[in-house]
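Q: Quick one, fold the following:
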Amino acid sequence: MGVRRDLKRARESGDLASRTTTETVRDADGTVREARTAALASRPATGSTADIPYTNAAEAPGAVVLRREVDGVWRPVTAEEFAREVTAVAKGLIAAGLEPGGRVAVMSRTRYEWTVLDFAIWTAGGQTVPVYATSSADQVEWIVRDSGARYAVTETAANTATVRAGTADHPERPRVWELDAGALADLTALGRGVSDEEVTKRRTALTPDTVATVCYTSGTTGRPKGCV
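A: Have a look, this model is predicted:
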């Protein structure tokens, strides 16, 4: 419903009405292969995706931005709470030694903690490297080595075993945290000595051109390939 409402408002304001095809790419027989239109929104000149939780918290701290299941009950998470949790985990990553531009492999299915981690990694100045939860040790070995990830967060004990097996021969094995074993709590405790100012400095140094994520292909036809 929210998307439909936003589209309706855009049409009424003329934002969509003014969008016309500016270029068409055709084959020799005239078949249209690509049609390009004007962008719906202008490209931001400053900031990054990492700012989203903090902008939300500043504008509407009590607004419910997410819901998570805790002990079988779906509980609301406000903008302020989410930003606070992102900051705490970002501090832990900084305390662990994550440098701006450093990469963190995340081997997990989609879950609330993944969202926290994504924003925390970005806020600390790092880059997320998603890894399929079903990846083999050989695939993990390649992705971690090729990306240069020095840290990894897994979901389950089985995922942790896969990462450790895959990186057993690496000269510098990644430091691993496991979500099911309390990874976010461990990172929060680790980062208690890091100041809010350090987190803010890292986040505000990011720009629209800063790399956020390096996604790897499934590797069905060869080695997985990373895409920024």
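Q: Would you map out the domains in this structure?
A: 2-37, 88-227 (automatic domain parsing).
Q: Would you mind listing the buried residues in stretch 171-183?
A: 174, 176-179, 183 (16 or more other CB atoms under 10 Å). The way it works is simple: take the backbone N, C-alpha and C, and place the C-beta from them, glycine included.
Q: Just the pLDDT at Ala38, thanks.
A: For Ala38, the pLDDT comes out at 77.
Q: Next one: it from Ala45, what distance?
A: Relative to Ala45, Ala38 is positioned 18 Å away (CB to CB, to the nearest Å).
Q: Show me which of these two is the more surrounded one.
A: Taking other CB atoms under 10 Å, Ala38 and Ala45 do not tie; Ala38 has more neighbours (10 against 7).
Q: Can you pull the phi and psi angles for the more buried one?
A: In terms of degrees, to the nearest 10, the main-chain angles of Ala38 are phi -60, psi 150.
Q: Which residues does the helix or strand harbouring Glu197 contact?
A: Glu197 is part of helix 196-204, with elements assigned from DSSP states H and E. Contact with helix 196-204 is made by 48, 50-51, 54, 87, 90-91, 94, 100, 122-125, as judged by CB atoms under 8 Å, 6 or more residues apart in numbering.
Q: For those, give me a markdown table that also has neighbour count, distance to Val116 and secondary structure.
A: Formatted as a markdown table, the contacts of helix 196-204 follow (neighbours: other CB atoms under 10 Å; distance: CB to CB, whole Å; DSSP: H, G, I helix; E, B strand; the rest coil):
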| residue | neighbour count | distance to Val116 | secondary structure |
| --- | --- | --- | --- |
| Ser48 | 19 | 17 | coil |
| Ala50 | 25 | 12 | helix |
| Asp51 | 18 | 16 | helix |
| Tyr54 | 22 | 14 | helix |
| Thr87 | 24 | 10 | helix |
| Ala90 | 30 | 10 | helix |
| Lys91 | 25 | 13 | helix |
| Ile94 | 25 | 15 | helix |
| Pro100 | 14 | 20 | coil |
| Trp122 | 26 | 11 | helix |
| Thr123 | 27 | 10 | helix |
| Ala124 | 29 | 12 | coil |
| Gly125 | 23 | 16 | coil |
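Q: can you list those in CSV and add pLDDT and distance to Val194?
A: Shown next, in CSV, are those (pLDDT from 0 to 100; distance: CB to CB, whole Å):
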residue, pLDDT, distance to Val194
Ser48, 97, 20
Ala50, 98, 16
Asp51, 98, 19
Tyr54, 99, 16
Thr87, 99, 9
Ala90, 99, 8
Lys91, 99, 4
Ile94, 99, 5
Pro100, 98, 14
Trp122, 99, 16
Thr123, 99, 11
Ala124, 99, 9
Gly125, 99, 13
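Q: residues contacting the spatially most central residue of the chain?
A: The chain has Asp118 as the residue nearest its centroid, 3.3 Å off, counting by CA atoms, centre = their mean. Residues counted as contacts of Asp118 (CB under 8 Å, 6+ apart) are 106, 128, 213.
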